[in-house]
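>>> Have a look at this fold, sequence not included:
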């Protein structure tokens, strides 16, 4: 009887390990888009794109920010229009704010800091809006010292770590001639660095199969001249020197669909395990299907996604 019990315990233990390993190797797909919609026509097309995608086997949708044109009003109505679109989508929406939603709102007569707070209230306060709880996300705001930054979060899927961090275009709101903006930048940048370092530390300790960083801005990986992105690039380079598995950065901002390896170390050597994928953006209403296959060497693969014609 004792021997039989020992065999049962051993078999259950081995089966549990097998199931865990299988779960970590499970293939899945998601749809990435952003810098949309900018016009009424694009809004109509974007809704068709999302409606079409709901019938696909995507685990979630990523929107990298800029859901309105820079010159369009930063009104509550425009925010709520997209908030409701995301809320009605049938799958979790991994959203990070873009500069058009708040940083650049001073150009159309609105207060950027107030608009940022409204974004947080409309998109992140109510879990039912983006349904990120379905992804079992960990929010940076769980820490009292970073409680303001509810838009920074991470989650695991099939042994891959996804890190969503609030880095925006227009220099990441680094405006030395505007004290209020510079204060906002300094505080958010410090929180971003803390969150990235914490997330990268967890990736190393858990030896994850790959890492994906999602943000809005194109931080100029090639030249890195903008001071608003210096600390970000330093933190990413430090991680890449220690972690040798695939790292993907998904961003928008410059509206140029591309998949490349633009980042080099301080000696000019390309980080071959780092890939940048930028979404299409206006005027092109399209997405990118990202397939995640943890059992493969590259882990990530990509395919454009368009509205199907009848």
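On my side now, so go ahead. Remember, it's a predicted structure, so these values are computed and weren't measured experimentally.

>>> Flag the shaky bits of the protein, pLDDT-wise.
1-23 (pLDDT under 70).

>>> show me the contacts for the residue nearest the centre of it.
Closest residue to the average C-alpha location of the chain: residue 214 at 2.5 Å, with Cα atoms, centre = their mean. Each residue near residue 214 by Cβ atoms under 8 Å, 6 or more residues apart in numbering is listed here: 62, 64, 94, 96, 162, 163, 164, 165, 249, 250, 251. (Each C-beta comes from the backbone N, C-alpha and C, glycine too.)

>>> Residue 81 too?
Counted by Cβ under 8 Å, 6+ apart, residue 81 has contacts residue 43.

>>> so how far is the host helix or strand of it from its chain's centroid?
Following DSSP states H and E, one finds residue 81 within helix 76-88. Relative to the centre of its chain, helix 76-88 is centred 19 Å away, using Cα atoms, centre = their mean, to the nearest Å.

>>> Adjust the sequence numbering to begin at 20 for everything that follows.
Right, with 20 as the first residue, what we last looked at is helix 95-107.

>>> Tell me the buried residues in it?
97, 98, 101, 102, 104, 105, 106 (16 or more other Cβ atoms under 10 Å).

>>> From those, pick the one nearest residue 314.
residue 105 (31.7 Å; Cβ to Cβ).

>>> isn't the closest one right next to residue 142, touching?
Yes - Residue 105 is within contact range of residue 142, at 7.3 Å (criterion: Cβ atoms under 8 Å).

>>> which neighbours do these two share?
Common neighbours of residue 105 and residue 142 (Cβ under 8 Å, 6+ apart) are 114, 148, 149.

>>> if you look at those residues, which of them are in helices?
In this view, the shared contacts of residue 105 and residue 142 that belong to helices under DSSP state H are 148, 149.

>>> which among the shared contacts of residue 105 and residue 142 gets closest to residue 74?
residue 149 (20.3 Å).

>>> Look up how far residue 291 lies from residue 317.
Counting by Cβ to Cβ, to the nearest Å, the gap from residue 317 to residue 291 is 11 Å.

>>> Give me the spatial nearest neighbour of residue 176, chain neighbours excluded.
In this structure, residue 176 finds its nearest non-sequential neighbour in residue 47, 6.4 Å apart by Cβ to Cβ, 6 or more residues apart in numbering.

>>> likewise residue 98?
residue 141 (5.4 Å).

>>> Was I right to think that neighbour contacts residue 148?
Yes - at 7.4 Å, residue 141 counts as touching residue 148 under the criterion of Cβ under 8 Å.

>>> Flag every buried residue along the strand or helix carrying residue 260.
Per DSSP H and E: residue 260 is located in helix 249-261. For helix 249-261, the neighbour count (16+ other Cβ under 10 Å) marks 251, 254, 255, 256, 258, 259 as buried.

>>> Check stretch 117-126 too.
For stretch 117-126, by 16+ other Cβ under 10 Å, it's 117, 118, 119, 120, 121, 122, 123, 124, 125.

>>> mind checking the end-to-end distance for it?
End-to-end span of stretch 117-126 (Cα to Cα, to the nearest Å): 15 Å.

>>> what do you get for stretch 116-135?
End to end - Cα to Cα - stretch 116-135 spans 9 Å.

>>> now swap in stretch 281-292 and tell me
Span of stretch 281-292 from end to end, Cα to Cα: 11 Å.

>>> Give me the contact list for that stretch.
240-241, 252, 255-256, 259-260, 262-266, 280, 293, 295.

>>> ok, so of those residues, who is nearest residue 214?
Nearest to residue 214 among those: residue 255, at 12.8 Å, using Cβ to Cβ.

>>> Does the closest one touch residue 230 like I think?
No - with contacts counted by Cβ under 8 Å, residue 255 stays clear of residue 230, the gap being 10.0 Å.

>>> can you list residues touching both of the two?
residue 266.

>>> coming back round to it: residues in contact with both of residue 141 and residue 148, list them for me.
With Cβ under 8 Å, 6+ apart, residue 141 and residue 148 have common neighbours residue 102.

>>> re earlier: now, which of the buried residues of helix 95-107 sits nearest residue 218?
residue 105 (23.5 Å).

>>> quick one, helices of the chain?
Counting by DSSP H, the helices of the chain are 21-43, 59-72, 95-107, 131-142, 146-149, 188-191, 198-225, 249-261.

>>> roughly how far apart are residue 142 and residue 286?
As judged by Cβ to Cβ, residue 142 and residue 286 stand 41 Å apart.

>>> of those two, who's got more company?
Legend: neighbour count by other Cβ atoms under 10 Å for residue 142 and residue 286, higher for residue 142 (23 against 5).
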